[in-house]
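Colleague: fold the stuff below for me.
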Amino acid sequence: MAAECQSERGAAIYRTQDPVQNLRIRVWLQRVTPTALFTQHVLQPVPFSKQNAIEMSTFDVRTSESITDGYRTDDQEEVEIGWQEKLFSQFEIDHYQNEHLCQSPLDCQYRLEILRLEESEEKKNRRIFTYTDFDSYTSTEEHSKIVTTSQMEIPSYLTERMSHVRRRRQEHRIMEGKIPRSRLITWEPTEEFVRSNHVLNTPVQTMYIMGDLGPYGKLGHRGDEYILCTIKMDSNGILSVKPDFNDCKAVYRIETEGEKRDLWLYTVQNISLDVKPEEQSREKNLFKDLYNRHKEYLTTLVGDEFATPPLGFLQLFVNGEVVSAHGFEYDNLYVHFLLELPNNWTCPPSQQLSGVTQTCTTKVDDQEDVAYFSYPFDFEMSIRSEDQPEGLLQWPMLYFGVYSCDFWQRYRIEGYGYIDIPDRPGSYTKTCKTWRPILPGTLAEMRRFFVGGALELEDTTYIRIPSTFKGERLSRFGFRTETIGTVTFRFHCMQQCRTFLDSSMAKKKSQNVLDRMGGLTHQATFHSVLAAFGHAQHRMHEARENLPKDLLQTSALLDMSRM
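Modeller: Residues are numbered from 1 along each chain as shown. You can find the predicted model right below:
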């Protein structure tokens, strides 16, 4: 056989909705003998350029087909196998013929099948056999798997614990792991409870296609058994085949151990029958009808209407995320955030208005230390139109502080900042710069480095305008700060109001919620004027930087001469 061979046998994963009982596999196995290799070399024509070579093809030899047909029946074999179909090996035949060795009901069943096969002489395999999911070899193979290639591997504690978990043939029964919602904590968990709740325990059925590659006439030794293919099927319809089917791939090869070191070639092919178009269409319609029925069932449970707020109320829903922190001095960062509700804003009693992220170590990303939190939070708040104050409507504000904690439990404030909650629905990603208070001199920085702790704000709202401030002007003269890193937030804002349902307001879809509630158009106008002023100021600075220095000096001299 002149064919390509490959020794790497990777696994393939398939997802199927068809019953696994329809799976049919054809396995072809052949031993490569030195005589066959020599005869194949003889059949190859010699190039005309090699004049001194002997033309062996003129000898009286057989064709390639006759070579394949001339193999001993014990050297090649082809078998078709179904899912969980049991084919007995020569070792099992010799073992189960002894009635005293049959201890379990499965052993007795195998003995009766072997005796029936010998009487009918319908045995279709010699070297190729199978181990099904019910055989003890499957459990032994799963238990004795190694993780590394080292011969001195010692199983870890986790490996030993996982080896006792039987992931196959799970019975569908109510286990203790399925607890009601009222019982959230189990103070005395049993071993079965731990296995069912803390281990990935998807039911899996396994099947091994084996090959007895022993010498001619000496079959039936466990040391000559080799795995040709491993097939696993779980309850989610995931089919794992290792190695993959030989559709357009080279044949696989196995080299036996021992003195002879025989070379065997084999292929694994999927010969399952294809589904007819009529059956496929009928199955598709059946699943479609099933999904529609399930959708209707869920609709009856949930309903198709949203809970609308009372008339004159605006509800604001914010689903946010603390994404990351960039450019801070120390490692092991965490963020403490607080939502400030202005006057006349309310929230449900169970609503948490503050939170703390997990402690996160930094990593170098684009030459900058970055801590990725991905910490979610959500807020729900509302305001009534009758309670709107005169003038600008105050919108909720999010204050936050970035802290660090090292190995010696030394806490440091890394920076403060605040960010506006978006006043329009949609998704937003905002990055806010931070600052921290400092003292002049090196003593404070040395204390911060060696002991930890630093100047902190007693009132977090002092980051912007304190909530307790009632004056006209807020003086921060003498308050020293240092600009440090940035924090990135992500907001998903939703707004709900009965005014949206008013058909007379359909022409005002382009306006925001505040405009629809009436009387607050100057809110958006004020923000737009501030944004335009900041943009114009930024363009003026850019234009000034791009002017030549000679022109700037000339204009400065003219101004001095006028004075």
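Colleague: which residues does residue 272 contact?
Modeller: Each residue near residue 272 by Cβ atoms under 8 Å, 6 or more residues apart in numbering is listed here: 22-24. (Each C-beta comes from the backbone N, C-alpha and C, glycine too.)
Colleague: now the helices for the stretch 51-200 of the chain?
Modeller: 64-69, 90-96, 105-120, 136-143, 157-163, 191-198 (DSSP state H, counting those that start in this stretch).
Colleague: can you pull the buried residues of the second one?
Modeller: What it means is helix 90-96. Of the residues in helix 90-96, those scored as buried under the neighbour-count criterion (16 or more other Cβ atoms under 10 Å) are 90-93, 95-96.
Colleague: and the helices of the stretch 51-200 of the chain, which one averages the lowest pLDDT?
Modeller: Comparing the helices of the stretch 51-200 of the chain by mean pLDDT, the weakest confidence falls on helix 64-69, with a mean of 42.
Colleague: of the buried residues of helix 90-96, closest to residue 113?
Modeller: Lowest distance from residue 113 to these (Cβ to Cβ) belongs to residue 96, with 8.6 Å.
Colleague: mind checking how far that closest one is from residue 32?
Modeller: Residue 96 sits 32 Å away from residue 32 when distances are taken as Cβ to Cβ, to the nearest Å.
Colleague: again with residue 263
Modeller: Applying Cβ to Cβ to residue 263 and residue 32 gives a distance of 4 Å.
Colleague: again with residue 453
Modeller: 76 Å.
Colleague: of those two, who's got more company?
Modeller: Remark: of residue 453 and residue 32, residue 32 carries more neighbours, 18 against 12, as counted by other Cβ atoms under 10 Å.
Colleague: so the more buried one sits against residue 260, correct?
Modeller: No - using Cβ atoms under 8 Å, residue 32 is not in contact with residue 260; the gap is 11.9 Å.
Colleague: using CSV, please lay out the buried residues of helix 90-96 together with distance to residue 131.
Modeller: Rendered in CSV, the data for the buried residues of helix 90-96 read as follows (distance: Cβ to Cβ, whole Å):
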residue, distance to residue 131
90, 14
91, 11
92, 9
93, 14
95, 13
96, 14
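Colleague: circling back to that earlier point, can you flag the buried ones in the contacts of residue 272?
Modeller: Neighbour-count burial (16+ other Cβ under 10 Å) is assigned, among the contacts of residue 272, to residue 23.
Colleague: which ones among the contacts of residue 272 lie within strands?
Modeller: Helix and strand membership here follows DSSP state E; of the contacts of residue 272, those in strands are residue 24.
Colleague: confirm residue 287 sits in a helix?
Modeller: Yes - under DSSP: H, G, I helix; E, B strand; the rest coil, residue 287 falls within a helix.
Colleague: what number of residues lie near it?
Modeller: 10.
Colleague: quickly note the distance from it to residue 281.
Modeller: Residue 287 is 11 Å from residue 281, where distance means Cβ to Cβ.
Colleague: can you pull out the strands in the stretch 101-250 of the chain?
Modeller: 128-131, 204-212, 225-234, 238-242 (DSSP state E, counting those that start in this stretch).
Colleague: which of the ones you listed is buried the deepest?
Modeller: For those, the largest average neighbour count (mean count of other Cβ atoms under 10 Å) is found in strand 128-131, namely a mean of 23.
Colleague: that one packs against which elements?
Modeller: The elements that strand 128-131 packs onto, with contact taken as 3 or more Cβ pairs under 8 Å, 6 or more residues apart in numbering; DSSP states H and E, are strand 76-82, strand 204-212.
Colleague: same thing but 6 Å
Modeller: Applying 3 or more Cβ pairs under 6 Å, 6 or more residues apart in numbering; DSSP states H and E, one finds that strand 128-131 makes contact with strand 204-212.
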